[in-house]
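Visitor: sequence first, predicted model second:
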Protein chains: 6
Amino acid sequence: MRPSGRDLSEMRPVSIETGVTKHAEGSCLIKVGDTHVLCTATIEDRVPPFIKGSGLGWVTAEYGMLPRSTTSRMRREATAGKQGGRTVEIQRLIGRSLRAGIDRVALGERQITVDCDVIQADGGTRCASITGGWVALRLAVQKLMKVGDVISDPMTDPVAAVSCGIYAGQPVLDLDYPEDSDAGVDGNFIMTASGQLIEVQMSAEGATFSRSQMDQLMDLADKGVRELVEAQNAAVNA
Amino acid sequence: MRPSGRDLSEMRPVSIETGVTKHAEGSCLIKVGDTHVLCTATIEDRVPPFIKGSGLGWVTAEYGMLPRSTTSRMRREATAGKQGGRTVEIQRLIGRSLRAGIDRVALGERQITVDCDVIQADGGTRCASITGGWVALRLAVQKLMKVGDVISDPMTDPVAAVSCGIYAGQPVLDLDYPEDSDAGVDGNFIMTASGQLIEVQMSAEGATFSRSQMDQLMDLADKGVRELVEAQNAAVNA
Amino acid sequence: MRPSGRDLSEMRPVSIETGVTKHAEGSCLIKVGDTHVLCTATIEDRVPPFIKGSGLGWVTAEYGMLPRSTTSRMRREATAGKQGGRTVEIQRLIGRSLRAGIDRVALGERQITVDCDVIQADGGTRCASITGGWVALRLAVQKLMKVGDVISDPMTDPVAAVSCGIYAGQPVLDLDYPEDSDAGVDGNFIMTASGQLIEVQMSAEGATFSRSQMDQLMDLADKGVRELVEAQNAAVNA
Amino acid sequence: MRPSGRDLSEMRPVSIETGVTKHAEGSCLIKVGDTHVLCTATIEDRVPPFIKGSGLGWVTAEYGMLPRSTTSRMRREATAGKQGGRTVEIQRLIGRSLRAGIDRVALGERQITVDCDVIQADGGTRCASITGGWVALRLAVQKLMKVGDVISDPMTDPVAAVSCGIYAGQPVLDLDYPEDSDAGVDGNFIMTASGQLIEVQMSAEGATFSRSQMDQLMDLADKGVRELVEAQNAAVNA
Amino acid sequence: MRPSGRDLSEMRPVSIETGVTKHAEGSCLIKVGDTHVLCTATIEDRVPPFIKGSGLGWVTAEYGMLPRSTTSRMRREATAGKQGGRTVEIQRLIGRSLRAGIDRVALGERQITVDCDVIQADGGTRCASITGGWVALRLAVQKLMKVGDVISDPMTDPVAAVSCGIYAGQPVLDLDYPEDSDAGVDGNFIMTASGQLIEVQMSAEGATFSRSQMDQLMDLADKGVRELVEAQNAAVNA
Amino acid sequence: MRPSGRDLSEMRPVSIETGVTKHAEGSCLIKVGDTHVLCTATIEDRVPPFIKGSGLGWVTAEYGMLPRSTTSRMRREATAGKQGGRTVEIQRLIGRSLRAGIDRVALGERQITVDCDVIQADGGTRCASITGGWVALRLAVQKLMKVGDVISDPMTDPVAAVSCGIYAGQPVLDLDYPEDSDAGVDGNFIMTASGQLIEVQMSAEGATFSRSQMDQLMDLADKGVRELVEAQNAAVNA
C-alpha cells in the first residue's frame, strides 16, 4: 500500500557515517533512505549574550538545503536575502531538541553550533537532522571530555526524531517524500532513548485527526525512535 | 498553587467583542484574561499564484505585536527590517489552523486574510489569535453569504485553540505569562468544536514529559476548547 | 458643502481615553472622528549614543498602521521588510513635535519612546498621533515626578496638531479622509497651547496657494489647536 | 552678524551651468555658494502603474549625496543597504515641488526622472536641488517640444526654493551650513515665479516661533525666490 | 620547500566522482586534495529575460560554502542576509568560464544552472568549482542529447581551471590553503583543453610581479590544466 | 578601424584636475575621453578591527555610478537596497590596487578611504578610478606629511590602470564604450610606474585568446600605463 512497499511501521534503511569532514569537531553523514544530511558540530568559547557569565553552555543549530537537493531546483536562501519561514522553524526545532538532551551546567560556558545541511532530500529532513545532529554533537562533546575541558558527561540520554502521519487513511511510520506530499496529517516526534517526549508536532492540512489516531501515531514513533537510537549508538561507538 | 489562584483546569475569563473596526469585512477584539488581540478579516478577489484558476479559495493569516503590548518594549518588526522567526511560526500556524476549518471549494476562488494584532500580551497570544481569528473569518464569510457571493456555508465546525503545560509539576490549562515563563513543558492544542485535533504542539525546554502526562494535557485542552467554542458561538450569533 | 456636513471651521468630535494598556508607563486611545490611534509612552534609562553623558533626556516616536486600519488592506511593513517613506516622515515629525514641548534638562538622562499605532484611519492620523502622543508622554512624566525621579516639571506647554486644507476652494479645518483625498492643498500645524508655532507643513499637489489663503489656514489651525488642548487637559486631569 | 558677513536678506552667489553631461536629456550644475548639486533629467516612455493608460505624465525625483560631499565622510547609502529617512523625505519633496510646476496633460504619458546628486554640501541642498532640478526638467521638456513629441508647453511658471530661518534671534535668508547647524527655527519655501506657494515647511527644534516671525520669513522667501528665478531664466535661455 | 612536500609544478591528487545525487541532471563530487566541491547541473526551460525569444541558451552558476567547510566556522550567508562580495565574484567567474566552453546556439533556448557547494575547503575552491562544474554541465548536456532535445553537441572543448602563485619567491602550481595564505602573488587560469585562455586573474596583495614571472606562471597553468582535463575526460566517459 | 578613429595603441586624451572639492583631504576629477570620475580621499584615525593595534595603515575604496552617468538611466544602488556584484568587484579591485602602492608601516595606523564616483561613463571607469584614485590618495598623503603626521613617504611608485582588448580581431589599447560592448576579449592591467604588474584580469566572453595575443596586450598596457603615470605626475606636482 505504501509507494515504497514498506510495512506501515517500517523505517527506511538508516546509516550514519562519522568523521566525514576534517575541520569540524564532530561530524556525520546520516542517510535515512534517500534523505542525506551532513551534520557538523562546531565548538566555540563564546556564548550568546543572555547567558554570558552564567557558567551555562549553549547548543544551537542551523539548517540549510543545497539548491538541488530537491526534485526541482530551489532558490538559494543566500540569494533570496533571507532564510525562509520553514528554515527558521526547522532550525529552532533542532536547537531546542538537542538542548533537551544536554546538561548545560556540565557542558560549561561554551557554545556548540550544529549545522545540518541537506545534500539530498526525500522527506523527513528535519528528523534526520536531529538524529544526525545528536551524533555530531556527541562526537564534539567526546572531544571536549578527552582533553579534559569537560569532566562530567553532559549527554546522558540520546535524542532522536521520526516522522509519522496518516497516509491513505492508515497511520504510517517515517514518511518519504511521495507519502509526505499526500498525507493529510503528519508530524514529528522527538524523543529520548528512554522513551520520554521532548517535542510533539502533529499537523493536519485540510483534514483532522482523532485522539485514538494520535495514540497509534505515538506507538509508531516510539518504535522508530528506538531503532534510530540503535543506529546512533553504533555510529558513536564505532 | 497557580500565581493567579486559578484551579488547574480553569480558563481565564474570555470575552469576544465583534464589529470593532468599520473597514474590515469581519473583526473582533478577543480578551483572554489580560491578553487582548484585535482580529480582522479582509476579503480579496485575488488568490495566491499556485491556486489561480483552480476554483479553490485560500485563507491566510498575519500576526504582529504592538511594541508596548509587552512588559518591556519590543523593537518594532518594521524597524528591524523583518519578521522574526517566532512571528513567522505563529502566523503560519494561525493560517493552517483556520484553513482546516473551511471548505475551500465552497469558499470559491477568493482569499481571506486574517490579521491578528496583539494589543496587550499576557501569555497565550497565538491561541487567542486563532480563536478570535476564527470569529473574524466567520463574520466575513457571513457577509459573503448574505450578498450571495457564497452559497453553501464553507465553515461547518468552529476552530479554537488553547495552551496547556506542566507548571510546578502539575498539568495546567491556559497558561498566563508568569506560568508560561516558568513552565518546563508547554504547548498548544488546536481543535474543532466536535473534538477533532487539527494541530498539537508540545515542547519541552530543558525537561521532558511522559505519555501519561501527554494524555492529561489532552484532557485539559479538550475542556478548554469546549468553553472557547461557546464564547465564539455567542459572539457570532450576537 | 463638506461631505460630513461640518462647518468650515468645525472639528470632528474628539475623545481621549487614558490608561488603556496595563504595561505602558503612559497610554491613551485618541479618537478624532473615525480616526483612532493607540498611543503608549515607554520610559527607558538608556539614551541615544549622541547624548550619552550629557545629562539631557530624549523623546522619540514611532508610528505604524494596522494592516486593516484602512479602507482596503495595506501590506504590513514588517512583511515588506522596511518602513515606507511616509511612515518615516511621520514618525520623525511626531518626535520633533513632542521634543519641542519638553525641557530636556529637567527630564534628565532618560529616553521616552512614544508609539502611535493607528487602529482605524479616516484622515489626520499624524495630527491625532501628536495630540494623543503628548497625553501619553504627559502621563509617563507624571509617573516619573510622582516617584521623585524627576523633580521639576519638564512639560509646561501642551503640544497639539491639526490639519487644514483648501477643499472645493474653501479653507477647512480638520480634514477627514474624503476631504483629504480631494484637497489640492493641505497640511499640518503643530502648535503649543500658548499659540506658538512648532511646525508648519503646507503642501500643494497639483495646485498652488496664495499668502492670504495661508493666513486663513493659520487662523483655522489656531482655533482647532485650542479645542484639542482642552481635550488633552481634560484627559490628563481625569 | 552672519558668519559669512552677508546681510540678513542676502542670498549667496548663484550660478547654473547647463549641459554638463552628455547622456542626460537635460542637465545642470547649480552652485549656491559652496553647495554644488548636479541635476539630470531622464525621459522615459513608461509611467508608474497607477497612471498607465491615463494619458497623464509623471515627474519624479531622486536625491543623493556623494560620501565626501560633507565635512566628514558620510556612509554611502548603497553600502548601508537603504536610503535614510532624510533622503526619502527630500526626494519626495523635490518630486512634489516639480510636479506642481508642470501640466501633466500637456506632458503626455511619459515619465521624467530628475536626479539631484550633491557634489559638495554647505547647507540648503534640498532647495538647490529643486531650483536646479527645475532647470534640468525645463531643458528636457524643451527637447521634447523641439522634436514635436510635446506640442503645448507644459511648464508655464518656474519653480524655485529657498531656505529661511531664525538665526541668533533674527530672520535670515538662505542659511549656509554654519547657520543651519545653529538655527533654532528653519525651513523651506517652494514657490512659483508668480509668487504662489507650493510648499511651506517650517520646523523648530527646541524652540518655537510666532506668527509675526512666520510673516517675516515669508517676506524673505519671496525676495529669494525672485532672485533664483532670474538665474533659472538666464540659464535656460543661454 | 612547499608545506605539503609537493614539487613546484605538482598538482594535488584529483578525483571526480559522478552521479552523486539522484535529482540533478548532472552531478559530481570533485576532490582536489582536501578541497571537496559538490557540483550539480539543473536544466530549466526558461531563460533570462534578456535572451528570451533569441533561440540562444544560457549557462549560469552559483557558489556557496557550507558553514563548517573551513577551519573555523563561517557565518551562513543566508543568515547574513546576502551573498558576500567574494561569493558574487566567484560565481560570476564560474558562469563566464563555463559559457566560454559552450555553443549557445547549439544548446537552444534553455538554461543550465551549475551549483558549486564547497563541502570541505583547503584552497583553490573556485578552480575546483569550474573544473567540476564543467563535468556536471557535460553530463546534463549528454542527457539532453540522449533524448534528442539537443542535436549538435554544444560542448567541444573542455574547460578547466587551476591556481598558480609565487610562494616563498618561487612560482608554484595549485596552491593549497597554507600556501594561499602566505603567497604575495596568486591567481587563477581558466583554459580550454586545446590550450586557449578564457580568463586570467593574477593579483598581488602587498607585492608586485614581473612579466617574466607572469610567463613562468602561465607555463605552470598550462601543465596543470592538461592534467585536470584528463581527469574530466575519465569522469565523463566512465 | 576603431569607431573613434584612434590608432590601435592610442589612448584617449587624459586630464586630471586636482582640488575639486573643498572638504576632502585629497581630490581630483579625472577625464579619460568621455569617462569622468570624481575621486576623493578621506583620512580617518580609525582602522578596521583586524589591524587594530598593529601600527599598520589601511587603504580602502568605494565605487559608485551616478544614475544618469550612462546612456540610459541606471537604477540607483541605494534604492535597490544593495551594491550590485559589478560594483563590489570593482571597489575591491581599486582597494587592492592602491594598497599595492603604499607602505602600510610608513602610513601608520590610520585609514584612507578613496571614493570613486562616475559622473559620466564611456568605458574604462574602473581603470580611470584607479588612476585618479591614486592621485587623490597621493594628495591626502602629502597633507599628512606636510603636518608631520607621516614622516617617511609611504608612496614610492605610482599606480595606474588601463584596459586592453581584442576588438575586431585586433589588440587595442584603452577601449571606449562602443569597443567594450563589442570586444570578445578584454581586461585590465594595473601596473606601477616602474613596470611591475599588480593585477592582470583578462576575460573572454564567448571567445578565447592565445598566449601570443596575451603578450601583445601586455605590450599595449605597458605603453598606456607609462602615459597615465606622466599625467599623474603632472597633476600631483601642479
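Guide: Sure thing, it's come through.
Visitor: going forward, measure contacts between C-alpha atoms and count neighbours the same way
Guide: Fine.
Visitor: tell me where chain A has helices.
Guide: Shown for chain A, the helices assigned by DSSP state H span residues A:77-80, A:85-99, A:104-107, A:125-146, A:177-182, A:211-237.
Visitor: with mean pLDDT, distance to residue C:115 and mean neighbour count added, can I get those in JSON lines?
Guide: Below are the helices of chain A laid out as JSON lines (pLDDT from 0 to 100; distance: least, C-alpha to C-alpha, whole Å; neighbours: other C-alpha atoms under 10 Å in any protein chain shown):
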{"stretch": "helix A:77-80", "mean pLDDT": "87", "distance to residue C:115": "32", "mean neighbour count": "17"}
{"stretch": "helix A:85-99", "mean pLDDT": "93", "distance to residue C:115": "28", "mean neighbour count": "21"}
{"stretch": "helix A:104-107", "mean pLDDT": "96", "distance to residue C:115": "39", "mean neighbour count": "19"}
{"stretch": "helix A:125-146", "mean pLDDT": "98", "distance to residue C:115": "39", "mean neighbour count": "25"}
{"stretch": "helix A:177-182", "mean pLDDT": "93", "distance to residue C:115": "44", "mean neighbour count": "16"}
{"stretch": "helix A:211-237", "mean pLDDT": "96", "distance to residue C:115": "45", "mean neighbour count": "18"}
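Visitor: please identify which of those helices is closest to residue C:130.
Guide: With C-alpha to C-alpha as the measure, helix A:85-99 is the member of these nearest residue C:130 (36.2 Å).
Visitor: re earlier: format the helices of chain A as a markdown table; extra columns: distance to residue B:173.
Guide: Converted to a markdown table, the helices of chain A look like this (distance: least, C-alpha to C-alpha, whole Å):
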| stretch | distance to residue B:173 |
| --- | --- |
| helix A:77-80 | 39 |
| helix A:85-99 | 23 |
| helix A:104-107 | 29 |
| helix A:125-146 | 29 |
| helix A:177-182 | 32 |
| helix A:211-237 | 18 |
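Visitor: of all those, which one comes closest to chain B?
Guide: Among those, helix A:85-99 comes nearest to chain B, with 5.8 Å by C-alpha to the nearest C-alpha.
Visitor: report all helices and strands that that closest one contacts.
Guide: Here helix A:85-99 touches strand A:58-65, helix A:125-146, helix B:85-99, going by 3 or more C-alpha pairs under 8 Å, 6 or more residues apart in numbering or on different chains; DSSP states H and E.
Visitor: so what touches the shortest one?
Guide: Applying C-alpha atoms under 8 Å, 6 or more residues apart in numbering or on different chains, the external contacts of strand A:58-65 come out as A:47-48, A:87-88, A:90-92, A:94-96, A:98-99, A:104, A:109-119.
Visitor: tell me the contacts of the nearest residue to residue A:74 once chain neighbours are set aside?
Guide: In space, residue A:74 comes closest to residue A:67 once its chain neighbours are excluded; the distance is 4.9 Å by C-alpha to C-alpha, 6 or more residues apart in numbering or on different chains. By C-alpha under 8 Å, 6+ apart, the contact list for residue A:67 reads A:73, A:74, A:75, A:76, E:115.
Visitor: quick one, phi/psi of residue A:67?
Guide: Per-residue torsions, residue A:67: phi -60, psi -30 (degrees, to the nearest 10).
Visitor: buried subset of the contacts of residue A:67 as a PyMOL selection?
Guide: Listed next is the PyMOL selection for buried residues among the contacts of residue A:67, using 16 or more other C-alpha atoms under 10 Å in any protein chain shown:
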select buried, (chain A and resi 73+76) or (chain E and resi 115)
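Visitor: just the ones of the contacts of residue A:67 in strands?
Guide: Under the assignment DSSP state E, these contribute residue E:115 to strands.
Visitor: could you report the separation of residue A:116 from residue B:205?
Guide: The spacing between residue A:116 and residue B:205, counted by C-alpha to C-alpha, to the nearest Å, is 20 Å.
Visitor: so for the two, which sits in the more crowded spot?
Guide: Each of residue A:116 and residue B:205 has its neighbours counted (other C-alpha atoms under 10 Å in any protein chain shown); residue A:116 has more, 31 against 17.
Visitor: pull the contacting residues for the more buried one.
Guide: Residue A:116 neighbours (C-alpha under 8 Å, 6+ apart): A:37, A:38, A:39, A:40, A:61, A:62, A:63, A:64, A:129, A:133.
Visitor: residue contacts, the most centrally placed residue in chain A?
Guide: Centroid check for chain A by C-alpha atoms, centre = their mean gives residue A:130 as the closest residue, at 1.3 Å. For residue A:130, the contact set (C-alpha under 8 Å, 6+ apart) comprises A:94, A:97, A:98, A:159, A:160, A:161.
Visitor: show the contacting residues for the residue in chain A positioned nearest to chain E.
Guide: Closest contact between chain A and chain E, by C-alpha to the nearest C-alpha, is at residue A:78 (3.8 Å). Residue A:78 makes contact with E:77, E:78, E:79, E:80, E:81, E:82, E:83 under the criterion C-alpha under 8 Å, 6+ apart.
Visitor: the last one touches residue E:89, doesn't it?
Guide: No: in this structure, residue E:83 sits apart from residue E:89 without contact. The criterion is C-alpha atoms under 8 Å, and the distance is 10.0 Å.
Visitor: burial measure for residue A:72, as a count.
Guide: Using other C-alpha under 10 Å, residue A:72 has 13 neighbouring residues.
Visitor: tell me the residues of chain A that contact chain B?
Guide: Contact residues, chain A versus chain B (C-alpha under 8 Å from any C-alpha of the partner chain): A:85, A:88-89, A:96-97, A:99-101, A:195-211.
Visitor: switch to 7 Å and redo it
Guide: Listed as neighbours of chain B in chain A under the rule C-alpha under 7 Å from any C-alpha of the partner chain: A:85, A:88-89, A:96, A:99-100, A:196-210.
Visitor: tell me the buried residues within those residues.
Guide: Counted by 16+ other C-alpha under 10 Å, the residues of chain A next to chain B give A:85, A:88-89, A:96, A:99-100, A:196-206, A:208-209 as buried.
Visitor: OK, contacts around the residue in chain A that chain D sits nearest to?
Guide: With C-alpha to the nearest C-alpha, the shortest gap between chain A and chain D falls at residue A:81, namely 11.9 Å. Residue A:81 is in contact with E:78, E:81, E:82, counting by C-alpha atoms under 7 Å, 6 or more residues apart in numbering or on different chains.
Visitor: can I get those in TSV with distance to residue A:26?
Guide: Listed next are the contacts of residue A:81 as TSV, based on distance: C-alpha to C-alpha, whole Å:
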residue	distance to residue A:26
E:78	23
E:81	27
E:82	27
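Visitor: nearest to chain C, of those residues?
Guide: For the contacts of residue A:81, the nearest to chain C is residue E:81 (11.9 Å; C-alpha to the nearest C-alpha).
Visitor: what's the distance between that closest one and residue B:92?
Guide: Distance from residue E:81 to residue B:92, counting by C-alpha to C-alpha: 21 Å.
Visitor: residue A:57 contacts residue A:108, correct?
Guide: Yes: look at residue A:57 against residue A:108 with C-alpha atoms under 7 Å: they come within range, at 4.9 Å.
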